[in-house]
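K.L.:
Sequence and predicted structure, then a few things I'm wondering about:
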Amino acid sequence: MKRIFIGLILTCTALAAAAQPHDETKALAARIDSLTTEVGTLRTESTAWEKIRARLPRISGYIQTGYEWADDASGFHIKRVRVDMKGDILREKLDYRLQVEFASPKIVDAYVQWHPFAQLHVKLGQYKIPFSIENTDYPPLKFEVIEYPLALQRMMGFSEKIGDKSLSATGRELGATLYGGFFRHDGYDVLSYDISLFNGAGINTKDNNRSKDVAARLTVRPFGGMKLSGSYYRGEFGAEYLLRERYGAGACYDRGAVVVRGEWIGGRTGTPAADGAPSGSFRSSGWYALGGWRFSPKWMVVARYDTLLADTRTASSRQTDYTAGLTWMPLKWLRGQLNYTYEDYKISATQNRNVASLMVTAMF
């Protein structure tokens, strides 16, 4: 009897020992199933959030402020305060952009783009006119000096005089553009084009006549960093249908430590008679040459020769600016620019000027 009792105890002990690992295995399997379910839920939530985030606009912006001293005046100023929003409606097929200027409040960019093919894109809204290299390829955050060239300012709507009216449109217009490129190589198109139709009345403004302005540009990139461009623009401004015809050609090499760029811009502008009727036109011609050297990741020196003959019939209408500049970028989101410009006026009624400018750009 004693032997039977001892045998029962040993058997129960063995069964208990055998059952314990089995119970632990079941608990572990249940925990694994629970964790698998949680991971699946998190993945679903993450995918949903990624879809929502893809629809949200990407927001960036910058502030440009500084100080300018000249022979006749000096003072602090705010040059630009911009907030830029970009987003995708259909990834890689349909996107949009909205850029607002707060220093002198206005919408500067507001457009939608459709990308049916690599060789054909459609842009509709308000944006930079595809004229010249400088106007579209060198925005304020990339531009090496503080002020744009005289010919671009006076003939592409930065600070333009047409008859007795002024056009200040930051090189932009309301309209539609077809653009694209061919012969893709090393991340760039060897040949690209832009064909546009615009109101021609300036930004944030309805057209004030029945005609539409046209613009066309052809760009060739023979090798990396090199760009050759030719541009044409023709339109009629205002109720008087004053002529605005512009043509230009330029070349740019920008790669590594070196940038060399030059463009010529010419044009014909209509002038009104005393009774308001159109009467003839005058021609303008200007060009610039710029060279820069990035001698370290944070420092760059630049020099530019910039000249404009506002009316080719009058030699005294010429202005020539000589600019030297230094750029310092200590941080990815902070840039300082120091420029000195000597302004040479041929007209005797205007005094030549020395101008020193400091501009600080903070980006986000």
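P.N.:
Great, that's in hand. Keep in mind it's a predicted model, so treat the numbers as computed, not measured.

K.L.:
wait, what's in contact with residue 342?
P.N.:
Contacts for residue 342 (Cβ atoms under 8 Å, 6 or more residues apart in numbering) come out as 321-322, 352-355. In short, each C-beta sits where N, CA and C put it, glycine included.

K.L.:
Is it bridged to anything, and to what?
P.N.:
Note on residue 342: beta-bridge partners by DSSP bridges are residue 322, residue 354.

K.L.:
Just the mean pLDDT for the helix or strand hosting residue 42, thanks.
P.N.:
Using DSSP states H and E, residue 42 maps to helix 2-55. Helix 2-55 shows a mean pLDDT of 64.

K.L.:
just checking, next helix/strand downstream of it?
P.N.:
Past helix 2-55, the next helix or strand by DSSP H and E is strand 58-70.

K.L.:
What lies in contact with that next one?
P.N.:
With Cβ under 8 Å, 6+ apart as the contact definition, strand 58-70 has outside contacts at 74-87, 140-141, 146, 337, 353-364.

K.L.:
Could you identify the buried members of those residues?
P.N.:
Neighbour counting by 16 or more other Cβ atoms under 10 Å classes 79-82, 84-85, 146, 337, 355, 357, 359, 361 among those as buried.

K.L.:
So which of the contacts of strand 58-70 sit within strands?
P.N.:
Of those, the ones assigned to strands by DSSP state E are 74-87, 337, 353-363.

K.L.:
neighbours of residue 307, just the number please.
P.N.:
If you count neighbours by other Cβ atoms under 10 Å, residue 307 ends up with 18.

K.L.:
separation between the nearest residue to it once chain neighbours are set aside and residue 205?
P.N.:
The spatial neighbour of residue 307 that comes closest, neighbours along the chain excluded (Cβ to Cβ, 6 or more residues apart in numbering), is residue 320 at 4.2 Å. As judged by Cβ to Cβ, to the nearest Å, residue 320 and residue 205 stand 33 Å apart.

K.L.:
Of the two, which one has the most company?
P.N.:
In terms of neighbours (other Cβ under 10 Å), residue 320 is the more surrounded of residue 320 and residue 205; the figures are 17 against 14.

K.L.:
pretty sure residue 171 is touching residue 155, no?
P.N.:
No - using Cβ atoms under 8 Å, residue 171 is not in contact with residue 155, being 10.1 Å away.

K.L.:
Pick out the most distant pair among the buried ones among the contacts of strand 58-70.
P.N.:
Pairwise distances across the buried ones among the contacts of strand 58-70 (Cβ to Cβ) peak at 34.3 Å, for the pair 85 and 355.

K.L.:
shaky segments in the protein?
P.N.:
1-24, 45-46, 48-49, 51, 54, 272-279 (pLDDT under 70).

K.L.:
Repeat the analysis, applying 50 as the threshold.
P.N.:
2, 5, 8-12, 14-16, 19 (pLDDT under 50).

K.L.:
Give me the secondary structure label for residue 214.
P.N.:
strand (DSSP: H, G, I helix; E, B strand; the rest coil).

K.L.:
which helices and strands sit right next to the helix or strand hosting residue 320?
P.N.:
Using DSSP H and E, residue 320 falls within strand 318-331. Helices and strands touching strand 318-331, by 3 or more Cβ pairs under 8 Å, 6 or more residues apart in numbering; DSSP states H and E, are strand 299-309, strand 334-345.

K.L.:
so which of those gets nearest residue 106?
P.N.:
Proximity to residue 106 (Cβ to Cβ) singles out strand 334-345 among the helices and strands packed on strand 318-331, at 23.7 Å.

K.L.:
could I have the closest one exported to CSV, CA atoms only?
P.N.:
Below are the C-alpha coordinates for strand 334-345, written out as CSV (Å, rounded to 0.1, in the frame of the first residue of the first chain):
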residue,chain,number,x,y,z
LEU,A,334,19.8,81.6,-42.2
ARG,A,335,21.5,83.8,-44.8
GLY,A,336,23.2,87.2,-44.8
GLN,A,337,24.0,89.3,-47.9
LEU,A,338,26.1,92.4,-48.1
ASN,A,339,26.1,94.3,-51.4
TYR,A,340,27.8,97.5,-52.6
THR,A,341,26.4,99.1,-55.8
TYR,A,342,27.6,102.2,-57.7
GLU,A,343,24.8,103.6,-59.8
ASP,A,344,25.9,105.5,-62.9
TYR,A,345,23.3,107.7,-64.5
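
K.L.:
for the stretch 101-250 of the chain, what spans make up the helices?
P.N.:
133-137, 150-155 (DSSP state H, counting those that start in this stretch).

K.L.:
So for this structure, which residue is the most central one in space?
P.N.:
Per Cα atoms, centre = their mean, the C-alpha nearest to the average position across the chain is that of residue 139, at 4.9 Å.

K.L.:
End to end on stretch 294-301, go ahead and measure it.
P.N.:
7 Å (Cα to Cα, to the nearest Å).

K.L.:
Show me what it is in contact with.
P.N.:
Against stretch 294-301 from outside (Cβ under 8 Å, 6+ apart): 144, 256-259, 292-293, 324-330.

K.L.:
I figured residue 232 hits residue 247, correct?
P.N.:
Yes - applying Cβ under 8 Å, one finds residue 232 in contact with residue 247, separated by 5.2 Å.
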